[in-house]
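**Student:** Provided below for reference: sequence and predicted model.
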Amino acid sequence: MRKARETKTTMKRTLLTALVLAAVLVLTQGNGVARAASAAGIDADVDAALMKLYEEQPVAKMLADKAVAILVFPNMVKAGFLVGAQYGEGALLKKGKTVGYYNSVAASYGLQAGAQTFGYVLFLMTPSAVHYLNRSGGWEIGVGPSVVVADEGIARTLTSTTLKTDVYAFIFDQKGLMAGLGLQGSKITKIRK
C-alpha cells in the first residue's frame, strides 16, 4: 500500500512537472525568450546581456578581464505552481569568442507560484573549472567547482587580489512575479547549434 502511494505521488509530480514545462514552452513560443533559434541568435543575446551586466555591475567587467572563460545564459525562463522548472540557452566565451553552446535546466518543488525571466553569467576563473565543465556530461551547480553568487555586498568587496573562488555568478535582469531565485541544482549541458 505504501509503495502504491509513493508511485502515485511520483506520477503526480511527474505530471505537474510536464505541465509546467509545457506552460513554459507555450508562454515562450514566438517571442525568442529562453530559446534562441540559432547560434547567431544566442551570440547576439549573449553580447547584449554582457553589455548590460557590465553597465550595471562594473566589477563584472573586472572579473571578465581575469576569467579563463565566461558562460552566459541571457534569457532564462522560470515558471511554476508548487512544481517549477527553468530553462535557457547560452554560450561559453573564451577571449571574447564563442567556443560552445549550452543549456541550463532546473526543476524544483515547494511553495512557489509565478513566472519570471532573468539572465545569469558564470565567470570561470580557473582552468580546472573550465576543464570540469568540458569533461562532465552535465554540470550540476553545487557539485564540482565552488560557485559564489555575487550579490551587491560581495560585488563591492571583490578586487583582483581577493579573487579566490573557481566560479563567480551574477544573476541579472529579473522580470516577472516569482520569489526565490537561485542557481543551486541547475544542470548545464553542452548542446549543438
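**Tutor:** It's in.

**Student:** what is the burial count for Gly41?
**Tutor:** 15 (other CB atoms under 10 Å). From N, CA and C alone the C-beta is placed, and that goes for glycine too.

**Student:** typo on my end, Met51
**Tutor:** Other residues within reach of Met51, judged by other CB under 10 Å, total 10.

**Student:** state the next helix or strand along the chain beyond the least confident helix or strand in the chain by mean pLDDT.
**Tutor:** Ranked by mean pLDDT, DSSP states H and E, the weakest helix or strand in the chain is helix 152-157, scoring a mean of 50. Next helix or strand after helix 152-157 toward the C-terminus (DSSP states H and E): strand 167-177.

**Student:** got the buried residues for that following strand?
**Tutor:** Val167, Tyr168, Ala169, Phe170, Ile171, Asp173 (16 or more other CB atoms under 10 Å).

**Student:** can you tell me the closest non-neighbouring residue to the last one?
**Tutor:** Right, the one you point to is Asp173. Gly119 (4.8 Å; CB to CB, 6 or more residues apart in numbering).

**Student:** ok, now which ones touch that neighbour?
**Tutor:** Residues near Gly119 by CB atoms under 8 Å, 6 or more residues apart in numbering: Ala49, Leu53, Val72, Phe73, Pro74, Asn75, Met76, Gly88, Ile171, Phe172, Asp173.

**Student:** model confidence over the helix or strand hosting it, on average?
**Tutor:** According to DSSP H and E, Gly119 maps onto strand 97-124. On average, the pLDDT along strand 97-124 is 87.

**Student:** direction included, what does it pair up with?
**Tutor:** Sheet pairing here is set by DSSP bridges, and for strand 97-124 it gives strand 69-94 (antiparallel), strand 167-177 (antiparallel), strand 187-191 (antiparallel).

**Student:** among the ones you listed, which is nearest Arg135?
**Tutor:** strand 187-191 (10.7 Å; CB to CB).

**Student:** what's the next secondary structure element after the strand holding Gly119?
**Tutor:** Assigned by DSSP H and E, the successor of strand 97-124 is helix 127-135.

**Student:** what average pLDDT does that next one get?
**Tutor:** Helix 127-135 comes out at a mean pLDDT of 91.

**Student:** that one - contacts with which helices or strands?
**Tutor:** strand 69-94 (3 or more CB pairs under 8 Å, 6 or more residues apart in numbering; DSSP states H and E).

**Student:** need phi/psi at the residue nearest to Thr189 when sequence neighbours are not counted.
**Tutor:** Closest residue to Thr189 apart from its sequence neighbours, by CB to CB, 6+ apart: Gly138 at 4.2 Å. Here is the backbone geometry of Gly138 (degrees, to the nearest 10): phi 170, psi 120.

**Student:** quick check: Gly138 touching Ile188?
**Tutor:** Yes. With contact defined as CB atoms under 8 Å, Gly138 and Ile188 form a contacting pair (6.7 Å).

**Student:** any buried residues in stretch 87-105, and which?
**Tutor:** Buried residues in stretch 87-105 (16+ other CB under 10 Å): 87-93, 98, 100-105.
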